[in-house]
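Peer 1: Generate a structure from the sequence data that follows.
(chains A and B)
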Amino acid sequence: MRFVTVSGPPSSGKTAVILKTVEHIQKQDLQVGVVKFDCLSTDDDELFRKHGIMVRKGLAGALCPDHYFVSNVEECVQWGLANDLDVLISESAGLCNRCSPHIREILAICVIDNLSGTGTPKKIGPMLKAADLVVITKGDIVSQAEREVFAARVHMVNTKARILHVNGITGQGSFELSTVWMGSEDTSTVEGKRLRFSMPAALCSYCLGETRIGSDFQMGNVRKMDLDLPTGEKTDGGPTDLKGGS
Amino acid sequence: MRDLQNMTVEVCLRRWPFVQQFFVEQSRAELLDTPDVELGAALDPFLLEALGVFIGTMEEFLGTSEEKVNRITIRGGRAKDGSEEKVRELTVRAGEVVCIVGPTGSGKSRLLADIEWVARGDTPTARHVLINDEVPDDRWRFSTEHKLVAQLSQNMNFVMDLTVQEFLALHAESRLATDQEEKIQRIWNWANELAGEPFSLETPVTSLSGGQSRALMIADTAVLSASPVVLIDEIENAGIDRQQALDILIRQEKIVLMATHDPILALMGDRRVIINGGAMVDVIEPSEKEKANLDELRAIDARLMGLRHRLRMGERLDEI
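Peer 2: Numbers count the residues shown, from 1 in each chain, chains lettered A, B, ... in the order given. Next up is the predicted model:
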């Protein structure tokens, strides 16, 4: 079974890209399944089912979604094998921009959209940095120049990744993406494989359900911001990033 | 592989000046102030490896950008019904404009996608695409710098909150263009010639009119885009000189493919490809009669534009 991890910021077009790409795989009479990871709720499982895709959804609820992903991924692979799937896709949103679900030796895709701003590739971190293939969406509504600038920014953050432009609405580029998926390695287990990037260190009182605010209630892995900057130093992030970090 | 580990920041920057951009992008601009630090000490292994790959791809980029695409050839595959595609071979040369016509769903998009993906018999149409008569390698498929096709379509807009000057500078910088100032000036001049209504370098790109936006996109693609093929999905006949727009792209030796059903645009092309049932069914050149009709079509067009202008000026159209 081919196993592909797809990640990307919320609303970047992951589901649309998966649906369009799967169409080409289904034309070859192959069975496709998706495991959709999310935090609180998702209706995408219905959408996948409508397209003849077997689907399971995993809602992390109170847990860190990425820890939840990695604690369940081997079971998902076994579910895919038990159902004779030819291709299994995991979809997750990398919600805190610090995590990435990418696993060594498993094809890792990051979906990111042209509208998210040129500062975004730098911000979203490991799920982009550790991907094998970066899919850029929503290219049909921005100018050629902006597409080129955006792709160059992605390239700066992940120099090794291949970059593919896919349109989630018309499907342009999805056939090409399907050939990459089908060309990936056959997988029968992820047991013993390693994540490409460690998950965030998090074990503080808030992880355990604390809701009160204040130092007295904070225990474990807690770090305080340094709000005093040396004079003259500019803060990072914010609107200045639009101009392109130079 | 290069011994980056023991190289100092200064030596690295002297050898590959573009590394400066890498440090800035990785939020490590402070390294520029510490020229004597060795890279092995300054960067974690992950970044060091990324730097090595970055240098490699940039060298390739700078070295091969001279390699010119003079022509692309499309070898026919099969139609949607499985029959052999009628047109067996189509070669389009740099500086040539080829129009693509056909009803919705006829396979225009797939043809353009085949070109963009440099098909090798591995797409649903089984077409083959050659570059300069040779079977091209994989880099055309995935790399940012070797993207074969630049696209211009009616739905495209500028979304960045920048002035024209800042916007062009950003694009030039990401393309590592030489003579950035000259290129920015040239794009701006050309765009103003195309647009009719002038705009300044200080105008925010998001406040440009439709015609001005189109004009800027075309001039920018002509000058700064590395892609040898430009794909145009109609050019609306408002606020832009279309003949001149095509001339600019031709002057920059672009291979221009234009999906259009506008009679004037279609006749401006050197040839037109007719698509039906998922296949190229014919390639025709404008006949002498058609060329003669082009003048009449332009006259009709000019009349319509005149009416448009009168409306704008608040006149009645009782007499036309």
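
Peer 1: With only the CA atoms kept, save the lowest-mean-pLDDT helix or strand in chain A in PDB.
Peer 2: Across the helices and strands of chain A, mean pLDDT, DSSP states H and E gives its lowest value to helix A:120-123, namely a mean of 87. Provided in PDB are the C-alpha atoms of helix A:120-123 (Å, rounded to 0.1, in the frame of the first residue of the first chain):
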ATOM      1  CA  THR A 120       4.100  32.400   5.400                       C
ATOM      2  CA  PRO A 121       6.600  29.800   4.100                       C
ATOM      3  CA  LYS A 122       9.100  30.900   6.700                       C
ATOM      4  CA  LYS A 123       6.500  30.900   9.400                       C
END
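
Peer 1: how distant is that helix from the center of its chain?
Peer 2: 13 Å (C-alpha atoms, centre = their mean, to the nearest Å).

Peer 1: now stretch B:189-207
Peer 2: Taking mean C-alpha positions (C-alpha atoms, centre = their mean), stretch B:189-207 and its chain are 19 Å apart.

Peer 1: Buried residues of that stretch, list them for me.
Peer 2: B:190-192, B:194-195, B:199, B:203, B:205 (16 or more other C-beta atoms under 10 Å in any protein chain shown). All C-beta atoms are positioned from the backbone trio N, CA, C, and that covers glycine.

Peer 1: how near is B:Gly102 to A:Gly171?
Peer 2: 18 Å (C-beta to C-beta, to the nearest Å).

Peer 1: Could you pull out the helices in the chain for me?
Peer 2: You didn't pick a chain, so chain A it is. With DSSP state H as the criterion, chain A has helices at A:14-26, A:44-50, A:65-82, A:120-123, A:126-129, A:144-157, A:174-182.

Peer 1: that's the wrong chain, I wanted chain B
Peer 2: B:9-15, B:19-25, B:39-42, B:45-64, B:108-116, B:139-142, B:164-174, B:180-195, B:210-224, B:242-251, B:263-268, B:288-312.

Peer 1: wait, which of those helices is closest to A:Asp38?
Peer 2: Evaluated over the helices of chain B, closeness to A:Asp38 peaks at helix B:45-64, with 28.6 Å, by C-beta to C-beta.

Peer 1: Alpha carbons of stretch A:188-200, as CSV, please.
Peer 2: Extracted in CSV, the C-alpha atoms of stretch A:188-200 (Å, rounded to 0.1, in the frame of the first residue of the first chain):
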residue,chain,number,x,y,z
SER,A,188,3.3,-2.3,5.1
THR,A,189,4.0,-0.7,8.5
VAL,A,190,5.4,2.5,10.0
GLU,A,191,6.3,0.7,13.3
GLY,A,192,9.9,1.6,14.2
LYS,A,193,10.1,4.5,11.6
ARG,A,194,10.9,7.9,12.9
LEU,A,195,9.3,11.3,12.6
ARG,A,196,11.3,13.7,10.5
PHE,A,197,11.0,16.4,13.2
SER,A,198,10.4,16.1,16.9
MET,A,199,7.0,17.1,18.3
PRO,A,200,6.9,20.2,20.5
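
Peer 1: near chain B at all, it?
Peer 2: No: counting by C-beta under 8 Å from any C-beta of the partner chain, chain B is not contacted by stretch A:188-200; separation bottoms out at 8.9 Å.

Peer 1: which residues sit against stretch B:300-316?
Peer 2: B:237-238, B:264, B:317, B:320 (C-beta atoms under 8 Å, 6 or more residues apart in numbering or on different chains).

Peer 1: what about that stretch, average pLDDT?
Peer 2: Averaging pLDDT along stretch B:300-316 yields 90.

Peer 1: closest to A:Leu227 among the buried residues of stretch B:189-207?
Peer 2: Relative to A:Leu227, and with distances defined as C-beta to C-beta, the nearest of the buried residues of stretch B:189-207 is B:Val205, at 35.6 Å.

Peer 1: Tell me how far the nearest residue to the closest one once chain neighbours are set aside lies from A:Arg147.
Peer 2: Residue nearest to B:Val205 in three dimensions, not counting chain neighbours: B:Phe158, with 4.0 Å by C-beta to C-beta, 6 or more residues apart in numbering or on different chains. Per C-beta to C-beta, B:Phe158 is found 12 Å from A:Arg147.

Peer 1: One more: A:Pro9?
Peer 2: 18 Å.

Peer 1: cool, and B:Ile320?
Peer 2: Distance from B:Ile320 to A:Arg147, by C-beta to C-beta: 42 Å.

Peer 1: For the two, indicate the residue with more neighbours.
Peer 2: Neighbour totals were compared for B:Ile320 and A:Arg147, and A:Arg147 leads with 22 against 8 (other C-beta atoms under 10 Å in any protein chain shown).

Peer 1: So which of the helices of chain B is nearest A:Val87?
Peer 2: helix B:139-142 (20.6 Å).

Peer 1: Okay, buried residues for stretch B:94-106 please.
Peer 2: B:94, B:96-102, B:106.

Peer 1: Residues in contact with it: which ones?
Peer 2: Residues contacting stretch B:94-106 (C-beta under 8 Å, 6+ apart): B:68-71, B:90, B:92, B:108, B:111-112, B:228, B:246, B:249-251, B:253-261, B:265-266, B:268-278.

Peer 1: pLDDT (mean, whole number) over it?
Peer 2: 93.

Peer 1: Identify the spatial nearest neighbour of B:Ile240, chain neighbours not counted.
Peer 2: Nearest one to B:Ile240, counting by C-beta to C-beta, 6+ apart, is B:Gly211 at 4.6 Å.

Peer 1: Enumerate every residue touching the one you found.
Peer 2: B:195-197, B:236, B:238-240.

Peer 1: give the contact list for the residue of the stretch 1-150 of chain B found nearest chain A.
Peer 2: Closest to chain A within the stretch 1-150 of chain B is B:Phe142: 3.5 Å, counting by C-beta to the nearest C-beta. Applying C-beta under 8 Å, 6+ apart, we find B:Phe142 in contact with A:133, A:162-164.

Peer 1: Restricted to strands, list those residues.
Peer 2: Among those, the members falling in strands (DSSP state E) are A:133, A:162-164.

Peer 1: Tabulate these (TSV), appending pLDDT.
Peer 2: Formatted as TSV, the ones in strands among the contacts of B:Phe142 follow (pLDDT from 0 to 100):
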residue	pLDDT
A:Leu133	95
A:Arg162	91
A:Ile163	92
A:Leu164	93
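
Peer 1: from these, which is closest to chain B?
Peer 2: Closest approach to chain B among the ones in strands among the contacts of B:Phe142 (C-beta to the nearest C-beta): A:Arg162, at 3.5 Å.

Peer 1: Thought B:His146 was touching that closest one, still the case?
Peer 2: No: at 11.4 Å, A:Arg162 does not count as touching B:His146 under the criterion of C-beta atoms under 8 Å.

Peer 1: the more surrounded of those two?
Peer 2: Legend: neighbour count by other C-beta under 10 Å for A:Arg162 and B:His146, higher for B:His146 (22 against 17).

Peer 1: For that one, which non-adjacent residue is spatially closest?
Peer 2: That would be B:Arg139: by C-beta to C-beta, 6+ apart, it lies 4.8 Å from B:His146.

Peer 1: Just give me the neighbour total for that neighbour.
Peer 2: Around B:Arg139 there are 15 residues (other C-beta under 10 Å).

Peer 1: Just confirm it contacts B:Lys147, I think it does.
Peer 2: No: in this structure, B:Arg139 is not within contact of B:Lys147 by C-beta under 8 Å, at 9.9 Å.

Peer 1: Could you list the low-pLDDT ranges of the stretch 1-150 of chain B?
Peer 2: B:1-2, B:60-66, B:144-145 (pLDDT under 70).
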